[in-house]
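I'd like to go over a predicted model; first the sequence, then the structure.
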Amino acid sequence: MLGAGVMGETLLSGLLRAGRPVERLVVSERRPERVSELREKYGVRVLDNAAAAAAAEVVVLVVKPQDMTAVLEDVRDHIVPGALVVSLAAGITTTFLEQRLPPGTPVVRVMPNTPALVDEGMAAISPGAHCDEAHLGQAEALLRSCGRVVRLAEQHLDAVTAVSGSGPAYVFYVVEAMIEAGVLLGLPRTTSTELVVQTLYGAATMLRETGVHPTVLREQVSSPAGTTIAALRELDDHRVRAAFLTAMEAARDRSRELATGAG
């Protein structure tokens, strides 16, 4: 695993919780204090990029898009023949990776999200030109250690970035606003937080467990001339739905730009 930031550590901890032997995992990290922290916390081997790549059958790239070119230069000549390369970097295409890795290297592109921290992640994976069913299965097993996985054509990955990759931040943004509204209406902050978080958890559970369309669930709460419909009217007047559509288009466009910037 090359890179041990938030998502790198999330995947590392998820693999360990899923029963992967720590002796089969190798991590690379540049910051000395972070190296010490990882060794102490997980007992994992920490090597430089080249040594980590040379020791692995599966190389997981968990670095920022703008750092990808430099990392690929570090590891290109050290990748074991036949090793699978899995990239979790937003916007970086499989073609970009294949052009900078040994010819024929199988590559899988992944768009994960941060709820993987609590084993409730959502990841989409797409195969590169040299990737077969076995490689996709390896990538799926890797990501299932901390959530759900779907396979998609790579053309959809920028949209996935906008929907689920960045999605937790939208949810946290709305939750923050709801908590602040509760405080404005006179509730203690701790009470407002508990009410909002449990409401969010309950609503998400209803969506998952019932399979009912969100429009139907919303209508069930919206009594004629009631409190909920009055609130929803304000949201519509302020074009909140349209703002979400525009925001997610911006996230998709930025994902596309990241690939250009990395090159």
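Here it is on my side, so go on.

hmm, what's the outermost residue in the protein?
Taking Cα atoms, centre = their mean, the residue of the chain most remote from its mean C-alpha position is Ala225, at 40.2 Å.

how much space separates that one from Leu185?
Look at Ala225 and Leu185: by Cβ to Cβ, to the nearest Å, they are 21 Å apart. Using the backbone N, CA and C atoms, a C-beta is placed for each residue, glycine as well.

buried stuff in the helix-or-strand element of the chain with minimal mean pLDDT?
Here the helix or strand of the chain ranked lowest by mean pLDDT, DSSP states H and E is helix 32-42, holding a mean of 85. Buried residues in helix 32-42, counted by 16 or more other Cβ atoms under 10 Å: 35, 38, 42.

got the residues you listed as TSV, with distance to Ser145 columns?
Converted to TSV, the buried residues of helix 32-42 look like this (distance: Cβ to Cβ, whole Å):
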residue	distance to Ser145
Val35	23
Leu38	17
Tyr42	14
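
and of the residues you listed, the nearest to Arg151?
Nearest to Arg151, judged by Cβ to Cβ, of the buried residues of helix 32-42 is Tyr42 at 29.3 Å.

returning to that earlier point: packing partners for the least confident helix or strand of the chain?
Packing contacts for helix 32-42, counted by 3 or more Cβ pairs under 8 Å, 6 or more residues apart in numbering; DSSP states H and E, involve helix 6-17, strand 45-47.

ok, residues contacting the longest one?
When contacts are defined by Cβ atoms under 8 Å, 6 or more residues apart in numbering, helix 6-17 is touched by residues 1, 4, 22, 25, 27, 38, 42, 44, 60, 62, 88, 112, 114, 116-117, 119, 121, 142-143, 145-147.

flag the shaky bits of the chain, pLDDT-wise.
For the chain, applying pLDDT under 70 flags the ranges 261-263.

mind jotting down where the helices sit in it?
Counting by DSSP state H, residue ranges of the helices within the chain are 6-17, 32-42, 49-54, 68-75, 94-99, 133-144, 157-160, 167-184, 189-210, 214-221, 227-237, 240-262.

and among those, the most buried is which?
Mean neighbours per residue, mean count of other Cβ atoms under 10 Å, is largest over the helices of the chain for helix 157-160, with a mean of 23.

may I have that helix exported as PDB, CA atoms only?
Written as PDB, here are the backbone C-alpha positions of helix 157-160 (Å, rounded to 0.1, in the frame of the first residue of the first chain):
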ATOM      1  CA  LEU A 157     -16.000   6.800 -12.500                       C
ATOM      2  CA  ASP A 158     -16.000  10.600 -12.500                       C
ATOM      3  CA  ALA A 159     -19.800  10.600 -11.800                       C
ATOM      4  CA  VAL A 160     -19.200   8.100  -9.000                       C
END
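
elements contacting that helix?
strand 107-111, strand 121-127, helix 240-262.

which ones are touching Thr191?
Here Thr191 is in contact with Gly182 (Cβ under 8 Å, 6+ apart).

mind doing that once more with 10 Å?
Applying Cβ atoms under 10 Å, 6 or more residues apart in numbering to Thr191 gives the contacts 179, 182-183.

relative to Gly104, which of the residues you listed is nearest.
The closest of those to Gly104 turns out to be Ile179 (Cβ to Cβ; 51.8 Å).

name the nearest residue to Ser145, sequence neighbours excluded.
Of all residues not flanking Ser145 in the chain, Ala18 sits nearest, at 3.8 Å (Cβ to Cβ, 6 or more residues apart in numbering).

so who does that neighbour touch?
Contacts for Ala18 (Cβ under 10 Å, 6+ apart) come out as 119, 141-142, 144-146.

equivalent analysis for Val196, please.
With contact taken as Cβ under 10 Å, 6+ apart, Val196 is in contact with 174-182, 187.
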